[in-house]
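>>> after the sequence you'll find the predicted model.
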Amino acid sequence: MTDRSVEKLRKTRDLSDDELRELIETSSHDEALRTAADEVRRENYGDMVYLRGLIEISSYCKRNCLYCGLRAENRNAERYRLSKEEILSCCEEGYGLGYRTFVLQGGEDSYYTDEMICDIVRSIKENYPDCAVTLSIGEKSRESYEKYYEAGADRYLLRHETADPAHYGKLHPANMSSENRKRCLFDLKEIGYQVGAGFMVGSPYQTTENLIADLRFLQELQPDMIGIGPYISHQDTPFRNEKNGTAELTLRMLSILRLMFPYALLPSTTALGTIRPDGRELGLKAGGNVVMPNLSPVQVRKKYAIYDNKICTGEESAQCRGCLERRIESAGYRAVTDRGDVKRS
Ligand code: 5AD
Ligand code: SF4
Ligand code: FES
């Protein structure tokens, strides 16, 4: 079975807006998309799935993104922050489990000065020189990003959330802008980081045109990593009554991304596993090649509640490594624990 637009996307890594709109809005290409995406991932990465140990360092955030449970104005959110020692002991545990990338993610928490972040990064790199350190701590000045890079940070994740400035304005308060977010991403890239961007699928007010704009922005940025997941509502946000994104559209977008960006590192996200029990397995089969097991101390996991019903936060969560490895194998892939740097082609 051949599908002309899927074949064209695979060959040229591009389509017109009209062709993309058709792929995004209908389910009739899904099987062809998934098959082509899996072939392209295997050409570039074989059956390897990279593991990243995720450490959620702080649930404090000064921002007020309308969709997020950690927003500053959410008085019901439980807040915690990890000390340097706690972060290092997460790394110690993760290193023992075989992880060679640590992702330090958190809300925008002014408690951590640049000096503290640099000190933490330096210590991790000193203790584990064979590991990559990824930061995901939000919008900062170019100078701050430069300092973290000099301290040894290798990668930075900052989802652009939505590339359309008007849509961005509906998801964020007036003191945040799509323009500054993009500025951050281009600064990070120029400094030398491996950069991850990304967006939510099915966020409130999102249109097909917005998703096309996201793809166009990514073509311009050419990031190494692209993180996408369904929007999931959180009960204590202004968007509490908004509908969740779907697994179906998220999987479709993942396959489109794999065909447009054959070399990219594409995580099969926790949010996808939250809206559907087999979501992460399906994400791998649709083109994903990264999973990010939670390494945060078990007693804080429930507090990092960006959306409702997040998985991997209960009693079972100490075993994410084993759980995920079984899931990866059941989907037909192999978990690997090297640094997993991007393979540019
Ligand atoms: N549903 C899904 N994803 C969310 N994020 C924040 N809030 C939500 C939500 N309610 C995503 C954003 C952010 C990442 C850390 O989590 O894309 O960049
Ligand atoms: Fe803070 Fe990030 Fe949540 Fe926005 S999405 S409120 S910056 S943690
Ligand atoms: Fe976290 Fe299954 S991956 S409990």
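Nice, I can see it. Numbers count the residues shown, from 1 in each chain. Ligands and ions are numbered 1, 2, ... in the order given.
>>> please, where are all the helices along the stretch 151-300 of the chain?
Assigned by DSSP state H, counting those that start in this stretch, the stretch 151-300 of the chain shows helices spanning 165-171, 178-191, 208-221, 247-260, 270-275, 279-285.
>>> what about the last one, distance to the chain center?
Meaning helix 279-285. 14 Å (CA atoms, centre = their mean, to the nearest Å).
>>> sorry, back to before: I'd like the helices of the stretch 151-300 of the chain laid out as JSON lines, including distance to ligand 1, mean neighbour count and mean pLDDT.
No exception for glycine: its C-beta is placed from N, CA and C like everyone else's. As requested, the helices of the stretch 151-300 of the chain are exported to JSON lines (distance: least, CB to the nearest ligand atom, whole Å; neighbours: other CB atoms under 10 Å; pLDDT from 0 to 100):
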{"stretch": "helix 165-171", "distance to ligand 1": "9", "mean neighbour count": "16", "mean pLDDT": "98"}
{"stretch": "helix 178-191", "distance to ligand 1": "10", "mean neighbour count": "17", "mean pLDDT": "98"}
{"stretch": "helix 208-221", "distance to ligand 1": "12", "mean neighbour count": "18", "mean pLDDT": "98"}
{"stretch": "helix 247-260", "distance to ligand 1": "10", "mean neighbour count": "24", "mean pLDDT": "98"}
{"stretch": "helix 270-275", "distance to ligand 1": "5", "mean neighbour count": "24", "mean pLDDT": "98"}
{"stretch": "helix 279-285", "distance to ligand 1": "12", "mean neighbour count": "24", "mean pLDDT": "98"}
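>>> so can I have JSON lines of these showing distance to Gly202?
Formatted as JSON lines, the helices of the stretch 151-300 of the chain follow (distance: least, CB to CB, whole Å):
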{"stretch": "helix 165-171", "distance to Gly202": "12"}
{"stretch": "helix 178-191", "distance to Gly202": "19"}
{"stretch": "helix 208-221", "distance to Gly202": "10"}
{"stretch": "helix 247-260", "distance to Gly202": "6"}
{"stretch": "helix 270-275", "distance to Gly202": "9"}
{"stretch": "helix 279-285", "distance to Gly202": "13"}
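>>> distance of Met292 from Val298?
16 Å (CB to CB, to the nearest Å).
>>> oh sorry, the question was meant for Asn180
In this view, Asn180 and Val298 are 35 Å apart by CB to CB.
>>> and if you look at Lys285?
From Lys285 to Val298 the distance is 29 Å (CB to CB).
>>> about what we covered before: I'd like the helices of the stretch 151-300 of the chain written out as a markdown table, with distance to ligand 3 added.
As requested, the helices of the stretch 151-300 of the chain are exported to a markdown table (distance: least, CB to the nearest ligand atom, whole Å):
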| stretch | distance to ligand 3 |
| --- | --- |
| helix 165-171 | 28 |
| helix 178-191 | 28 |
| helix 208-221 | 27 |
| helix 247-260 | 17 |
| helix 270-275 | 7 |
| helix 279-285 | 8 |
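>>> and the ones you listed: which comes nearest ligand 2?
Smallest distance to ligand 2 across the helices of the stretch 151-300 of the chain (CB to the nearest ligand atom): 9.3 Å, for helix 165-171.
>>> does the closest one come close to ligand 2?
No. Applying CB under 6 Å from any ligand atom, one finds helix 165-171 out of contact with ligand 2, separated by at least 9.3 Å.
>>> other SSEs contacting that helix?
helix 178-191 (3 or more CB pairs under 8 Å, 6 or more residues apart in numbering; DSSP states H and E).
>>> got the angle between the helix it packs on and helix 208-221?
30 degrees (axes from the mean of the first three to the mean of the last three CA atoms, to 10 degrees).
>>> who's the residue most central in space within the chain bridged to?
By CA atoms, centre = their mean, the chain has its centre lying nearest to Gly227, at 3.3 Å. In this entry, Gly227 is beta-bridged to Gly198, by DSSP bridges.
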